[in-house]
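**Q** need the 3D shape of this:
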Amino acid sequence: MKMQSIFTGRILLRIALAGVIPVTVTLLFLWTGGWLAPERLTSDKLVNVLEESSGVHPTYRRNHAKGICVLGRFISNGNASVLSRASLFSRGETAVTGRFAIAGGNPLAPDYAVPVRSMALLFQQANGEQWRTGMNAMPFFPVSSVEAFYQLQTATLPDTSTGKVNPNKLNAFITNHPEVKPFFAWAKQYTPSSSWASDRFNSLNAFRLIDKSGNSHLVRWSVVPTIKADPVSDANKHDSDFLQKDLIQRLGQGALRWDLVITLAQAGDKSNDATKAWPADRKTINAGTLVINQATPQQQGPCNDINFDPLILPDGIAASDDPILNARSSAYARSYNLRTREQAQQAGAKL
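**A** Presented below is the predicted three-dimensional model:
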């Protein structure tokens with residue numbers, strides 16, 4: 001299959017740093033739906049870079065283009081209601097529309113070539129408010145600023161003369177951004193699982209929960225699987241759509257579940273730097289269970305026209321001071337406008 005994206009395993013092997021980084025660049029490019037400072041970079045500029053990397057695929061998202069829609073509910077146990085006045089954290093159930101995806105802008109990419117996965121969720125509260133969140137199956141982000149993220153993308157674009165990423169450019173980027181080194185160390189030992197159902201998805205960015213008294217609590221969250229993870233198998237590598245097939249097969253046998261776990265920061269924990277993992281001894285609260293019971297193809301599916309903007313938040317959840325959140329919101333909107341316009345143009349052409 002012709003390589004159209006730097007997210008594939010083949011390109012990763014070609015640009016392996018010191019011959020020991022099997023998945024790094026794939027990992028470095030998740031969440032490229034938008035981390036740019038509007039006053040310095042533009043969403044158009046970032047979308048253009050994404051299209052240079054993955055090609056132009058009209059009507060699809062510019063990143064995490066390949067995915068599947070899911071439906072379910074969140075069953076709150078009420079534990080998080082002491083931290084947040086959002087009604088979804090009161091004891092009860094909230095309808096959820098979501099999407100599983102793999103990183104990259106190529107909707108035809110084989111699942112086995114893209115080890116980074118994502119889960120995006122929309123919680124629909126009874127009062128009309130929504131909580132939208134996009135999470136990824138990794139513990140922290142590689143760079144600490146919007147500018148560095150954009151520089152990383154340009155540094156790993158394939159050279160026009162060779163079709164390969166220039167290792168000198170990547171090395172220069174690492175020299176200028178040593179904060180990326182812990183991420184490289186993690187990526188070196190990373191082994192993707194064989195199923196979305198067994199992946200843990202993390203918010204990476206920090207947010208604030210606001211309680212009924214107006215007190216603010218700095219947090220991150222994760223959805224933690226309830227089944228054991230198995231590594232990608234050789235059989236998986238012969239099926240370009242194994243993640244979607246696995247999910248549908250599992251749902252045919254019953255609903256899938258994850259725990260929504262909220263981690264509370266302590267003094268000194270960074271609110272604006274997603275490269276810093278908070279220590280493992282931080283207090284956690286199990287807020288309830290995410291239950292997924294149905295999956296449908298994404299095209300014309302219930303998740304297809306949802307912009308999973310991380311700043312669409314209900315009363316009781318607020319953004320932190322992480323500038324990347326505003327950047328994501330801006331570029332998600334640009335990507336959404338592009339693909340919905342393309343969808344309308346295609347529909348009009350068929351009339």
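**Q** average pLDDT for the biggest helix by length in the chain?
**A** Secondary structure of the chain per DSSP state H: the longest helix is helix 323-350. For helix 323-350, the mean pLDDT works out to 79.
**Q** show me what that helix is packed against.
**A** helix 43-54, helix 146-155 (3 or more C-beta pairs under 8 Å, 6 or more residues apart in numbering; DSSP states H and E). For glycine as for every other residue, the C-beta is placed from the backbone atoms N, C-alpha and C.
**Q** I'd like the next helix or strand past the shortest one.
**A** Okay, so that is helix 146-155. Next along the chain after helix 146-155, taking DSSP states H and E as the criterion, comes helix 167-176.
**Q** now that following helix against helix 146-155, angle please.
**A** 160 degrees (axes from the mean of the first three to the mean of the last three C-alpha atoms, to 10 degrees).
**Q** tell me the mean pLDDT for helix 167-176?
**A** The pLDDT scores in helix 167-176 average 92.
**Q** now do that helix: distance to the chain's middle.
**A** Offset of helix 167-176 from its chain centre (C-alpha atoms, centre = their mean, to the nearest Å): 25 Å.
**Q** can you pull the buried residues of it?
**A** The neighbour-count check on helix 167-176 (16 or more other C-beta atoms under 10 Å) flags 169-170, 173-174 as buried.
**Q** now A255: how far from G98?
**A** Distance of A255 to G98, given as C-beta to C-beta, to the nearest Å: 13 Å.
**Q** between the two, who's got more neighbours?
**A** G98 (25 against 14; other C-beta atoms under 10 Å).
**Q** residue boundaries of the strands in the protein?
**A** Taking DSSP state E as the criterion, the chain carries its strands at 66-76, 92-102, 117-124, 130-136, 201-202, 207-210, 216-225, 256-264, 284-297, 317-319.
**Q** let's have those in JSON lines, adding mean pLDDT and distance to D111.
**A** Compiled in JSON lines, the strands of the chain are given as follows (pLDDT from 0 to 100; distance: least, C-beta to C-beta, whole Å):
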{"stretch": "strand 66-76", "mean pLDDT": "98", "distance to D111": "8"}
{"stretch": "strand 92-102", "mean pLDDT": "98", "distance to D111": "6"}
{"stretch": "strand 117-124", "mean pLDDT": "97", "distance to D111": "9"}
{"stretch": "strand 130-136", "mean pLDDT": "97", "distance to D111": "16"}
{"stretch": "strand 201-202", "mean pLDDT": "98", "distance to D111": "16"}
{"stretch": "strand 207-210", "mean pLDDT": "98", "distance to D111": "30"}
{"stretch": "strand 216-225", "mean pLDDT": "98", "distance to D111": "18"}
{"stretch": "strand 256-264", "mean pLDDT": "98", "distance to D111": "17"}
{"stretch": "strand 284-297", "mean pLDDT": "98", "distance to D111": "15"}
{"stretch": "strand 317-319", "mean pLDDT": "98", "distance to D111": "32"}
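**Q** need those strands in CSV (columns: distance to A155).
**A** CSV is the format used below for these (distance: least, C-beta to C-beta, whole Å):
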stretch, distance to A155
strand 66-76, 24
strand 92-102, 22
strand 117-124, 23
strand 130-136, 21
strand 201-202, 25
strand 207-210, 30
strand 216-225, 28
strand 256-264, 32
strand 284-297, 35
strand 317-319, 29
